[in-house]
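*Asks:* what would the 3D arrangement of this be:
(chains A and B)
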Amino acid sequence: MGPLERQVESFVQENLPDDPETWCAGAKKKIIHDALWGTFPLHRHEVALLDTPLLQRLRFLHQTGAVYLTYPSAHHTRFEHTLGVLCQASRLCTGLRRNSDERRITDALENEVRCAALMHDTGHGPFSHTSEQFFSALPELQEFREAHSQLEHSGGGEILSYLITTSQPFREFIRVVGEQCQIDLSPDTVGRLITGTMPDDQIYKSEIVHGPFDADKIDYMPRDGMFSGLRMHVDIDRLYNSIHIRTADVGGGRQTRLAGSTAGLSPLQQLLFNRMLLFTGMYHHHKVRAVDCMLWAVFKLAVERECDVGGVSLQGPADFLRVTDDRLLIQELATDNDVRGIVDSIRRRRLWKKALVIARSTVPEEMYGNVKDSSGDLLAGVMLLAGDEPENLRRKMEIALQIWEAAGKPCKSHEVWLDVPRLPGVTEAKQMWIEPSQGAQPQTLDEFIPISHWVELYGIHQARAHVFCPPEHCRLIGQAAEDVLKEMFKLTFLDQAKVYSRN
Amino acid sequence: MPVTVKQHTPEDVLVATLFKAGVEVRLRDDFRLAKIFNSAADSYGGIFRQFRWHPQYRVSRVLSETLQILDQAGVISRENAAQMYFRPTQHGCGLGERRFDQFEAADQEKIERVASELRELFQDGPSGATGRELRAGEPT
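*Replies:* Numbering: from 1, shown residues only, chains lettered A, B, ... in the order given. As a prediction, this is how the structure comes out:
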């Protein structure tokens, strides 16, 4: 067992009951009332699992990180989302059974899929994807991924969820719960459902909770939209009526996956389009990005200075499991003055502001268009830093440091950030099978919906990089950022680059 | 002062490879492109390792998303909305040449080999491949 597995095991041990038998004896089946999906039941063994501290901590992780500082009602948490995924996973199972008299969707499989839904987000840290992006770059997770090739395509949070689910204390807990409730659950299968690593003839099973269009996406898109106020519509019933299980040959191998039909393209299109809207209105909103940078500054300082945040020393990925959003924002639980300062600013919503906006709309056309002199990197110099690999994060921090120095060090160095967000992903559409007509060879969704072009247009018209800093230093930092980027990439700006920054 | 390079990112690798492939070749973000990069990941590892595709879906998230970033940055230009062909821009080649020069000789050799495969596969452009070939490896 490696160091990461040991750390996760210790965390799981602390967050499961000492006496599972007594714990389980007190559990009774429940009816859940959800604002988004209405009413649905939980089985007794699910209640026993849901009531553990391991799952209850999800109540203190906001589903959309610090988006609530921009959209005040976006306070929904990973806990509600987890229940929503369980509900939709079950409804997808029902739809599959109905559509093709499907006998492969057994009650036992549905139970495992529901358990995977409950466990799939247990690996999230404070402010969800904000901390995930940070701890995914830590050496322990990089090394783990390199040593476990089957998980090389999994995100950091997903890997932690997998390790939690397959840890020895969890196995023991599930064994006792299974005996008490007369149900057979395999932690190994649940782990493979979470990470999408089922064998080729059973891919459809993991696609219910981990696939191109799974219960996770079907829940988070409408939920994020509903609780942020950016309401969006998806014909879920129509989608469930059009999905079935299909076996086909793929390059010499045979796979069994979920497949949609052309009759069900409309809800898939709605999901993809809604996701673009969520990026425009929420995930890439400049205020949301500014708070993300403030939180990254907290994590960076905590790791570099080996100080406590939320009462925990964040030295490895598993330490992030011990901090929740509420604890991270308690100043008294931080042992470093600079960290306390940022936490205080977030609590009072004294957010960093745009010192410079870097986008196609804020630079002359010759910075990205038909360029005659290609001796400088121009706009590409900044935009190519959008990836979230550790090296890209390091380069962005190095440029921010140069900007801070060029400005005459008017604030603390960790208060200047260069933020270049990733574009929305397109791979789901390349993965999802669509059967053009009954019995015909499946094609992929990107042959029916031009998602790549949507993202291309998004990149041209909507995507923006920013230099953020405390509001009182925006003018100095903005000018210094212009100077540094001009020297570094020969990148020049229009007046809008700083005019926008004053809004 | 230029930004220092401690490791090479997928953006660096792709820009350098496209520079070596040249502006004459019309490429397509399809199964064939992903296959070349997946083979490079298997054969060479190292700088190409991150381009390995998902073994079941045979889609490289890193390749597709890096191409989107290059597109946004003006390093490649897409030329036909219905067909997804693209090629590096003049500016992209200049940038690619500078990035290429930053690689060690052994990595430069690997990049040149992959670029050569790209040229060979895509040199005939759209007429060089039928719709069936473009989807080769997808369900048949």
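*Asks:* for residue 63, give me its contacts.
*Replies:* Going with chain A. A:74, A:76-78, A:80-81, A:128, A:220, A:223-224, A:227 (CB atoms under 8 Å, 6 or more residues apart in numbering or on different chains). All C-beta atoms are positioned from the backbone trio N, CA, C, and that covers glycine.
*Asks:* oops, I was thinking of chain B
*Replies:* B:10, B:14, B:29, B:33-34, B:37, B:51, B:53.
*Asks:* what about the chain, any weak spots by pLDDT?
*Replies:* Going with chain A. Applying pLDDT under 70 to chain A flags the ranges A:101, A:372-373, A:500-503.
*Asks:* actually, chain B is the one I wanted.
*Replies:* Applying pLDDT under 70 to chain B flags the ranges B:80-83, B:124-140.
*Asks:* ok, 90 please
*Replies:* B:1-6, B:23-26, B:28-31, B:55, B:71-74, B:77-93, B:122-140 (pLDDT under 90).
*Asks:* how far out from the middle of the chain is stretch A:401-414?
*Replies:* 31 Å (CA atoms, centre = their mean, to the nearest Å).
*Asks:* picking that back up, just among the contacts of residue B:63, which is most surrounded?
*Replies:* Per-residue neighbour counts (other CB atoms under 10 Å in any protein chain shown) across these peak at residue B:14, which has 28 neighbours.
*Asks:* between the contacts of residue A:63, which sits nearest chain B?
*Replies:* Distance to chain B across the contacts of residue A:63 (CB to the nearest CB) is lowest for residue A:220, with 18.5 Å.
*Asks:* ok, which stretches of chain B are helices?
*Replies:* For chain B, the helices defined by DSSP state H cover B:10-21, B:31-44, B:61-72, B:90-101, B:105-122, B:131-134.
*Asks:* count of neighbours near the residue lying closest to residue A:385 once chain neighbours are set aside?
*Replies:* With sequence-adjacent residues excluded and distances taken as CB to CB, 6 or more residues apart in numbering or on different chains, residue A:385 is closest to residue A:420, at 4.7 Å. A count of neighbours around residue A:420, defined by other CB under 10 Å, yields 22.
*Asks:* confirm for me that residue A:420 is in contact with residue A:380.
*Replies:* No: the criterion here is CB atoms under 8 Å, and residue A:420 misses it with residue A:380 at 11.3 Å.
*Asks:* that older thread, the residue nearest to residue A:385: what's it in contact with?
*Replies:* A:358, A:382-383, A:385-386, A:396, A:465.
*Asks:* and chain A, split by domain according to the record?
*Replies:* What the record gives for chain A is the domain set A:3-231, A:353-423+A:463-503, from automatic domain parsing.
*Asks:* tell me which helix or strand residue A:4 sits in.
*Replies:* helix A:3-14 (DSSP states H and E).
*Asks:* what's in contact with that helix?
*Replies:* The contact list for helix A:3-14 (CB under 8 Å, 6+ apart) reads A:1, A:53-54, A:140-141, A:143-144, A:160, A:163-164, A:167-170, A:316-319, A:321-322.
*Asks:* which of the residues you listed are buried?
*Replies:* With burial judged by 16 or more other CB atoms under 10 Å in any protein chain shown, the buried subset of these is A:54, A:140-141, A:144, A:160, A:163-164, A:167, A:169-170, A:316-319, A:321-322.
*Asks:* okay, the domains of chain A in JSON lines with distance to residue B:117 next?
*Replies:* Shown next, in JSON lines, are those (distance: least, CB to CB, whole Å):
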{"stretch": "domain A:3-231", "distance to residue B:117": "23"}
{"stretch": "domain A:353-423+A:463-503", "distance to residue B:117": "23"}
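*Asks:* among those domains, which comes closest to residue B:86?
*Replies:* domain A:353-423+A:463-503 (14.8 Å; CB to CB).
*Asks:* what helices or strands is the lengthiest helix in chain A leaning on?
*Replies:* For chain A, the helix with the greatest residue count under DSSP H is helix A:78-100. Where contact means 3 or more CB pairs under 8 Å, 6 or more residues apart in numbering or on different chains; DSSP states H and E, helix A:78-100 is packed against strand A:30-34, strand A:38-42, helix A:53-56, helix A:107-119, helix A:215-228, helix A:236-242, strand A:244-250.
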